[in-house]
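*Asks:* Here's my sequence, what's the structure:
(one chain, ligands or ions: 1)
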Amino acid sequence: MDAMSLSTIPWGDIAAHYADDFPIHSVLSPNGEIVDKQAMKQVSDKLLVELMEDMVWAHVFDQRIITLNKQGSLGNYAPAGGQEASQFAALKALTKSDLLVPTYRDLAPLIKHGVPMHRAFLWWRGHIAGNIYPDDVKVWVPQVIVGATYLHAAGAAMAMARKGEKRVVMAYLGDGATSQGDFYEGLNFAGVFKAPVIGIIQNNQYAISVPIAHQTAAQTLAQKGAAAGVPALRVDGNDPVAMYLAVKSAREYAIGGGGPILIEAVTYRTGSHTMSDEPSRYRQDSEVEEWVDKSALNRLRKLLTEKKLWTVEREEEIAEQVKAEIKDALTEMGKEPAQKVTDFLTVMYEEPPANIKEQIALYSAKEGN
Ligand SMILES: Cc1ncc(C[n+]2csc(CCOP(=O)(O)OP(=O)(O)O)c2C)c(N)n1
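*Replies:* Numbering: from 1, shown residues only. Now for the predicted structure:
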């Protein structure tokens with residue numbers, strides 16, 4: 001903005017100015033053309049193929065879980081179709097020692113980061129065993145409290161920084177989550193204490209039925225980072241190359257002691273909020289079709305097919321592999337003993353208070369423990 005005199009203050013222009021500072025960055029255009037040749041040089045063909053494999057895995061997984069939900073084999077589910085690049089290309093930039101803090105919509109990435117698939121399924125069924133992960137898997141159980149992923153991640157990252165650990169925390173959160181107090185509190189702490197936390201705001205345009213325009217008067221979500229002194233970037237969340245490079249660079253910055261980075265991934269949820277939601281009540285089919293056209297899968301498929309690095313057969317092979325993995329995980333899930341009420345009561349406290357002890361006794365008798 002030009003220097004301004006207080007004789008006439010253009011308030012409207014000031015608000016618009018924030019948005020100008022946060023344009024959407026991309027490397028691949030919506031139809032898969034390279035728009036940032038310099039950035040493209042930083043990614044090998046091998047990496048591009050791996051990104052595609054991951055995203056196809058995620059997409060098939062999502063569709064299969066939706067079907068299993070409809071058949072009653074699995075509990076409720078929050079579809080993530082359309083968000084493959086925001087989730088998986090971001091994840092690709094981490095190492096297995098980095099901590100992932102996911103939401104209820106990030107079931108597929110948490111499996112990719114090492115959580116056994118049957119544990120993730122047990123979590124969705126509300127089974128207590130779904131909260132127990134192997135020690136070497138650096139993932140926290142999915143967070144249902146909207147906005148809390150960022151607060152917890154900031155705390156974990158502050159601890160890592162104090163211990164001098166060379167790793168980062170990556171937290172996913174939604175556009176709606178950026179309206180929550182937890183988010184602002186976490187952001188403020190992260191900024192002050194230079195916590196190595198990368199926040200991935202998956203701006204999928206809706207918080208259940210609330211569109212982004214009704215969520216906030218801010219024109220971008222990235223600018224919320226600036227208010228806390230946290231460097232922020234707005235990235236095309238359907239561009240896997242842009243997402244990967246942004247997170248890779250953010251990780252290096254955070255590990256180097258720079259502190260937190262906030263990334264707004266501008267994307268779209270093509271499916272329903274959860275399996276109990278009916279999106280046709282709040283959005284038009286034409287809007288969904290428009291976003292599907294510029295999906296991450298379509299973009300990268302086009303680019304890789306032109307480079308002769310991708311085939312329909314490879315895609316079918318991955319689909320079969322995902323289905324087999326899901327089948328095995330369902331079998332494994334079936335081996336878990338049925339959930340008991342006492343299971344919940346006994347893990348809550350090291351030394352249960354009197355009323356909980358009473359309940360444990362009551363349910364132990366009922367359940368014949
Ligand atoms: C603190 C809190 N308030 C309300 C809810 C109910 N709720 C569940 S999901 C959701 C919408 C969240 O939207 P967003 O953060 O954009 O994430 P998305 O679901 O789109 O991935 C709401 C309001 C909740 N889980 N937690």
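*Asks:* neighbours of the spatially closest residue to Glu278 that is not a sequence neighbour, just the number please.
*Replies:* Spatial nearest neighbour of Glu278, chain neighbours left out: Ser272 (6.9 Å); criterion: C-beta to C-beta, 6 or more residues apart in numbering. In this view, the C-beta of every residue, glycine as well, is placed from N, C-alpha and C. Other residues near Ser272 come to 17 when the count uses other C-beta atoms under 10 Å.
*Asks:* doesn't Ser272 fall inside a helix?
*Replies:* No. With DSSP: H, G, I helix; E, B strand; the rest coil as the criterion, Ser272 is located in coil rather than a helix.
*Asks:* I'd like the distance between the residue in the stretch 1-150 of the chain positioned nearest to the ligand and Ala242.
*Replies:* Across the stretch 1-150 of the chain, no residue is closer to the ligand than Val146, which sits at 3.7 Å (C-beta to the nearest ligand atom). Going from Val146 to Ala242 by C-beta to C-beta, to the nearest Å gives 26 Å.
*Asks:* who's more crowded, the two?
*Replies:* Higher neighbour count among Val146 and Ala242: Ala242, with 26 against 19, using other C-beta under 10 Å.
*Asks:* how about the strands in the stretch 151-300 of the chain?
*Replies:* Counting by DSSP state E, counting those that start in this stretch, the segments of the stretch 151-300 of the chain that form strands are 169-174, 197-203, 206-207, 210-211, 232-236, 261-266.
*Asks:* could those strands be laid out in a markdown table, adding distance to Tyr77, mean pLDDT and mean neighbour count?
*Replies:* Converted to a markdown table, these look like this (distance: least, C-beta to C-beta, whole Å; pLDDT from 0 to 100; neighbours: other C-beta atoms under 10 Å):
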| stretch | distance to Tyr77 | mean pLDDT | mean neighbour count |
| --- | --- | --- | --- |
| strand 169-174 | 16 | 98 | 29 |
| strand 197-203 | 16 | 98 | 29 |
| strand 206-207 | 17 | 98 | 20 |
| strand 210-211 | 20 | 98 | 14 |
| strand 232-236 | 26 | 98 | 25 |
| strand 261-266 | 21 | 98 | 27 |
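*Asks:* Would you agree Thr267 is in contact with Gln87?
*Replies:* No. If you go by C-beta atoms under 8 Å, Thr267 and Gln87 don't touch, sitting 9.1 Å apart.
*Asks:* Out of the strands of the stretch 151-300 of the chain, the one nearest Leu304 is which?
*Replies:* strand 232-236 (17.8 Å; C-beta to C-beta).
*Asks:* so the closest one versus strand 261-266, what angle?
*Replies:* 30 degrees (axes from the mean of the first three to the mean of the last three C-alpha atoms, to 10 degrees).
*Asks:* Show me the helices in the stretch 101-250 of the chain, by range?
*Replies:* 107-112, 117-124, 148-163, 181-192, 212-215, 223-227, 240-255 (DSSP state H, counting those that start in this stretch).
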